[in-house]
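K.L.:
Based on what follows, work out the 3D shape:
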Amino acid sequence: MSTRVKALRALDPDNHLPVPVDLVTASGSGLDPDITPAAAEYQIARVARARGVPKRRFGRWVAHYRTERFLGVLGEARVNVLELNLALDQLPRS
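P.N.:
Numbering: from 1, shown residues only. Modelled structure (predicted):
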């Protein structure tokens, strides 16, 4: 098992979903604002806990920042985590 997979498993030991490949590989720049929906789904419980947001509510935020394939066929679906995190930063802290 790769070091990155082990690190992700250690951060969220109760998560038994398969680790999405884009969480264990890096882009050339490492600064891409988008991740796959699978990568976002994988992290929902952990990030919701860290931000003090109910998991269901956080899942709705993830869905809101999801973009489908262009014209239904070009590219891949993605979640813009930069925009998502900026929006979540505006939520009142509990």
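K.L.:
Could you list the low-confidence segments of the chain?
P.N.:
The chain contains residues with pLDDT under 70 at 1, 27-31, 93-94.
K.L.:
Run through the strands of it in chain order.
P.N.:
Using DSSP state E, the strands found in the chain span residues 34-35, 66-67, 78-80.
K.L.:
which helices and strands sit right next to the lengthiest helix in the chain?
P.N.:
Longest helix of the chain, by residue count under DSSP state H: helix 37-51. If you count contacts as 3 or more CB pairs under 8 Å, 6 or more residues apart in numbering; DSSP states H and E, helix 37-51 packs onto helix 21-24, helix 55-64, strand 78-80, helix 81-89. Every residue, glycine included, has its C-beta placed from N, CA and C.
K.L.:
re earlier: ok, which of the strands of the chain comes nearest Ala7?
P.N.:
With CB to CB as the criterion, Ala7 lies closest to strand 34-35 of the strands of the chain, at 16.2 Å.
K.L.:
so how far is that closest one from its chain's centroid?
P.N.:
With CA atoms, centre = their mean, to the nearest Å as the basis, strand 34-35 stands 7 Å off its chain's centre.
K.L.:
neighbouring strands for it, and are they parallel or not?
P.N.:
strand 78-80 (antiparallel) (DSSP bridges).
K.L.:
Residues contacting the strand it pairs with, please?
P.N.:
Outside of strand 78-80, the residues within contact range by CB atoms under 8 Å, 6 or more residues apart in numbering are 33-37, 39-40, 62, 65-67.
K.L.:
Now the buried members of those residues.
P.N.:
Of the members of the contacts of strand 78-80, the ones counted as buried by neighbours, 16 or more other CB atoms under 10 Å, are 34-37, 39-40, 62, 65-66.
K.L.:
any chance of those residues in CSV, plus distance to His16?
P.N.:
Converted to CSV, the buried ones among the contacts of strand 78-80 look like this (distance: CB to CB, whole Å):
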residue, distance to His16
Asp34, 25
Ile35, 20
Thr36, 18
Pro37, 18
Ala39, 16
Ala40, 17
Val62, 19
Tyr65, 25
Arg66, 23
